[in-house]
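Student: please work out how this folds:
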Amino acid sequence: MKQTYQNILVNALVNLGDVVLTTSAIALLRKAYPGARITMLVRPVVRQAVENNPVIDDVILFDYKAKENSFGKMWAMVQELRHRHFDLSISFDRKLRPALLAWLAGIPVRVGPDRVFDDKPSRVTWLYTDTIHIAHNLETNLQAETYQAIVRGFTGLDGHEKPVFARITPEADAEADALLAQLPDAQKRIALCVKGTFPLKTWPKEYFVDVVDRLAAQYDAAFFVVGAPGDRAYADEVIAAMHHPVKNFCGDTSLVSLAALLGKSDLLVTVDTGATHIAATTGVPMVTMYGCTSPKRWHPINEHAIVFTSDEPCCPCKCRADECPSNPKPDCLWRVTPEMVAGAAERLLSREVSRT
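Tutor: Coordinates of the predicted model:
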C-alpha cells in the first residue's frame, strides 16, 4: 500500500521564474496526495507568486542570505518547522540551508534531487532520506520537467502539469485596469519586457525600437514596458529612443497585478526573465528572445508562445558580456533580428486566441 502524507513542506529558495516553474511539480504532488496540506518555503521576494495559489495551502518566508542568517534565526526556523509537524519535505533547489533545516526539524522523510541546476555532485544529498536521480539531460529538457521528475521519482505518479500562478484578486485586477487606462485608446495592447537579469539576456535597445516601429506601422497599438523597479531607468533609456509613445510601468505592479495586466494584453515581446514565466500562465500571446540561455530548457509553457534563439555553439553560457568572444555585439543577441520577432508578433496578432 502506498505511503500517504498529510503535512508536506516543499522548498524552492530560488528566483522568481524558477519558483513559478516549481508550481507545476506541486500541482503533480497535489494529485499524488490530494488530502495533504502543502506548505511552501520561499524567499520573501517571490511570496506573491505562491500566496493565494490554488495548489499551495500555506507559505513560510525565509531569507537565506548568509549575512542575515545568524544561528538564532536558523534555530528559530527549525523550531517553527518542528512546531508544524511536517511528515514529508521535498526540495526543489538542493540548497544546504533548507535541507539542514528539514533535518534539524526532524522531518522524517526528506526528498531531494541528485542534480537540478547542474551536474556537480553535492553533499547536501546526505541530508535526504530519499535522493531522486534525474536521468535526463538538464540542458535539453524543460526545467519544469526536472522539477516534476523529482515528484514522479518519489511518488511513482505519471503525468505532466503546467505551472500555476497565484489567483488574480479583485484589487490586482483593478490595479491593472488603472494602468491600462493611462494608455491611448487603441485596438491592440502590446507589452514589452526589455531587460534581463544580466546583459547576455538583454536584447539590443535598437532592436526593440525597430520592432515597435514595425508593429506601429501595421496596427493601431498602444505600447508599454513592464519590469521590476530596478528596470525602470533602463526602460526609460529604451523608451527615449522610440519613435512612438511607450509607457513605462516598471515597478508599478505587484506580481499579481502584473499577471492581471499581461492577461489583458494582446501580445508580450520579452527577453528571458521571470516575468516571461508569469506571463505564460496567463496564456497571453508572446514572443521571447533568448541570448545566452536556451529555450530547450527555459521555453515558456504557453501554447501561444513563439521563441527565438540563434543557438550558438557556446550556448548556454555563463559569461559576462565583457567576456563574450563576440563582444560588444554578442552573436547570441544580435543574430535574433527585429524582422524575425516582428514577423512572429504579426502572426500571433492575426490569430484568434482563446485563453480558457
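Student: hey, let's count contacts and neighbours off CA atoms from now on
Tutor: OK.
Student: residue 50 reaches residue 59, doesn't it?
Tutor: Yes. Between residue 50 and residue 59 there is a contact under CA atoms under 8 Å: 7.2 Å.
Student: which one of these two has more residues nearby?
Tutor: Using other CA atoms under 10 Å as the criterion, residue 50 and residue 59 rank with residue 50 on top: 25 against 22.
Student: excluding its backbone neighbours, what's nearest the more buried one?
Tutor: residue 166 (5.7 Å; CA to CA, 6 or more residues apart in numbering).
Student: okay, now the one you found: neighbour count?
Tutor: Neighbours of residue 166 using other CA under 10 Å come to 22.
Student: that one: what's it in contact with?
Tutor: Shown in contact with residue 166 (CA atoms under 8 Å, 6 or more residues apart in numbering): 48-54, 256.
Student: secondary structure class for it?
Tutor: coil (DSSP: H, G, I helix; E, B strand; the rest coil).
Student: and it, how far is that from residue 80?
Tutor: 24 Å (CA to CA, to the nearest Å).
Student: and if you look at residue 8?
Tutor: 14 Å.
Student: what stretches of the stretch 51-200 of the chain score poorly on pLDDT?
Tutor: Low-confidence segments of the stretch 51-200 of the chain, defined by pLDDT under 70: 64-69.
Student: ok, which stretches of it are helices?
Tutor: 71-84, 96-104, 143-155, 170-180 (DSSP state H, counting those that start in this stretch).
Student: number of residues surrounding residue 71?
Tutor: 9.
Student: swap that for residue 185, sorry
Tutor: 12.
Student: excluding its backbone neighbours, what's nearest it?
Tutor: Nearest to residue 185 is residue 222, by CA to CA, 6+ apart, at 7.3 Å.
Student: counting contacts, what elements does the helix or strand that neighbour falls within pack onto?
Tutor: Assessed by DSSP states H and E, residue 222 sits inside strand 221-225. Counting contacts by 3 or more CA pairs under 8 Å, 6 or more residues apart in numbering; DSSP states H and E, strand 221-225 is packed against strand 188-193, strand 246-248.
Student: mind putting these into JSON lines with distance to residue 63?
Tutor: What follows is the helices and strands packed on strand 221-225, written out as JSON lines (distance: least, CA to CA, whole Å):
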{"stretch": "strand 188-193", "distance to residue 63": "27"}
{"stretch": "strand 246-248", "distance to residue 63": "30"}
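Student: and these: which comes nearest residue 315?
Tutor: When the helices and strands packed on strand 221-225 are compared by CA to CA, strand 188-193 sits nearest residue 315, at 21.8 Å.
Student: what's the angle between the helix or strand just after the closest one and strand 221-225?
Tutor: For strand 188-193, the following helix or strand on the C-terminal side (DSSP H and E) is helix 205-218. Computed by axes from the mean of the first three to the mean of the last three CA atoms, to 10 degrees, the angle separating helix 205-218 from strand 221-225 equals 160 degrees.
Student: and helix 205-218, how far out from the chain middle?
Tutor: Counting by CA atoms, centre = their mean, to the nearest Å, helix 205-218 is centred 26 Å from the centre of its parent chain.
Student: so for it, mean pLDDT?
Tutor: For helix 205-218, mean pLDDT is 98.
Student: need the strands for the stretch 1-150 of the chain, in chain order.
Tutor: 7-11, 37-42, 58-61, 88-91, 110-113, 130-132 (DSSP state E, counting those that start in this stretch).
Student: just name the most buried of those strands.
Tutor: When the strands of the stretch 1-150 of the chain are scored by mean count of other CA atoms under 10 Å, the highest mean neighbour count falls to strand 110-113 (a mean of 26).
Student: name the strands paired with it and say parallel or antiparallel.
Tutor: Strand pairing for strand 110-113, determined by DSSP bridges: strand 88-91 (parallel), strand 130-132 (parallel).
Student: can you redo these as JSON lines with distance to residue 14?
Tutor: Converted to JSON lines, those look like this (distance: least, CA to CA, whole Å):
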{"stretch": "strand 88-91", "distance to residue 14": "11"}
{"stretch": "strand 130-132", "distance to residue 14": "19"}
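Student: residue 106 and residue 83 touch, don't they?
Tutor: No. Using CA under 8 Å, residue 106 makes no contact with residue 83, being 10.5 Å away.
Student: who's more crowded, those two?
Tutor: Neighbour totals were compared for residue 106 and residue 83, and residue 106 leads with 16 against 10 (other CA under 10 Å).
Student: so what's the residue count around the closest residue to the more buried one other than its chain neighbours?
Tutor: If the residues on either side of it in the chain are set aside, residue 106 comes closest to residue 82, at 6.9 Å by CA to CA, 6+ apart. By the criterion of other CA under 10 Å, residue 82 has 16 neighbours.
Student: from residue 38, how far out is residue 82?
Tutor: Taking CA to CA as the measure, residue 82 falls 15 Å from residue 38.
Student: correct me, but residue 299 touches residue 142?
Tutor: Yes. Assessed by CA under 8 Å, residue 299 is found in contact with residue 142 at 6.9 Å.
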